[in-house]
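Asks: model the following, please.
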Amino acid sequence: MTFYAKKFSELSAGEIYEILKARADVFIIEQNINYQDMDDVDYDSLHCFLSDGGSVAAYLRAYGAGDGAVKLGRVLTRPHGRGLGRTLMERSIPAVAEATGCRRIVLDAQKYAVGFYEKFGFRVVSGEFLEEGIVHVAMAADI
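Replies: Purely as a prediction, here's the structure:
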C-alpha cells in the first residue's frame, strides 16, 4: 500500500479515474447519495490516497476553508474494517499541514464516524445537520 499526496495537476489520468471510481463506489453506489461529485473543488485540492496495485483503497481531499483552515472531504475507504482509514488519516494530516501551512483542519463528519475522527484530535463544533440526506456534524482540530 503506497501513500500519495498530490495536487490535481500532479495526478495522472489513471489516478484521477481511480479516485473518481472509488468516490462513486462509496458515495453513489454504497451510500446511495444522488449528487454531483465533480464539483470543481478538486482543481484546488490536495488529494491524499492509499493505492493498492493502482486501485484507490482510501482517499480524501483537502482544500482551503477560509480563515487559514483546511477542510477535509470525500473521505473514504474500501474495503472497510481493515484499518485503512486510520492509516489514511495518520499520513494525510501531516501531509496537509506541510503542503498548506494550515494550523486548523475542519470536516463535516457523518454522525456515526465522530468517534473515529476524535481519535485524531477532532472535536464536534456544531449541532447535527443533514447533508445529502445523511446526519452530519462539523468537527475541527488544531494542529
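Asks: my guess is Glu18 contacts Val56. True?
Replies: Yes: with the criterion set as C-beta atoms under 8 Å, Glu18 and Val56 qualify as a contacting pair; they are 4.5 Å apart. Any C-beta I mention is one placed from the backbone N, CA and C, and that applies to glycine too.
Asks: more crowded one of these two?
Replies: Val56 (24 against 19; other C-beta atoms under 10 Å).
Asks: the nearest residue to that one once chain neighbours are set aside in helix, strand or coil?
Replies: If you skip the residues right next to it in sequence, Val56 has Ala22 as its closest partner in space, 4.1 Å away by C-beta to C-beta, 6 or more residues apart in numbering. Secondary structure of Ala22, reduced to three states by DSSP: H, G, I helix; E, B strand; the rest coil: helix.
Asks: what's the neighbour count on Leu88?
Replies: Counted with other C-beta under 10 Å, the burial measure for Leu88 works out to 22 neighbours.
Asks: where is the longest strand in the protein?
Replies: The strand that spans the most residues within the chain, counting by DSSP state E, is strand 55-66.
Asks: from the contact counts, what lies against that one?
Replies: Packed against strand 55-66 by the contact rule (3 or more C-beta pairs under 8 Å, 6 or more residues apart in numbering; DSSP states H and E) you find helix 13-23, strand 46-52, strand 69-77, helix 84-100.
Asks: just send those back as CSV, with distance to Asp108 and mean pLDDT too.
Replies: What follows is the helices and strands packed on strand 55-66, written out as CSV (distance: least, C-beta to C-beta, whole Å; pLDDT from 0 to 100):
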stretch, distance to Asp108, mean pLDDT
helix 13-23, 15, 97
strand 46-52, 17, 97
strand 69-77, 7, 96
helix 84-100, 15, 97
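Asks: show me what the longest strand of the chain pairs with in its sheet, parallel or antiparallel.
Replies: Sheet partners assigned to strand 55-66 using DSSP bridges are listed as strand 46-52 (antiparallel), strand 69-77 (antiparallel).
Asks: okay, buried residues for the shortest one please.
Replies: Neighbour counts over strand 46-52 (16 or more other C-beta atoms under 10 Å) mark 46-51 as buried.
Asks: any chance of these in CSV, plus distance to Gln110?
Replies: Below are the buried residues of strand 46-52 laid out as CSV (distance: C-beta to C-beta, whole Å):
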residue, distance to Gln110
Leu46, 22
His47, 20
Cys48, 19
Phe49, 19
Leu50, 20
Ser51, 24
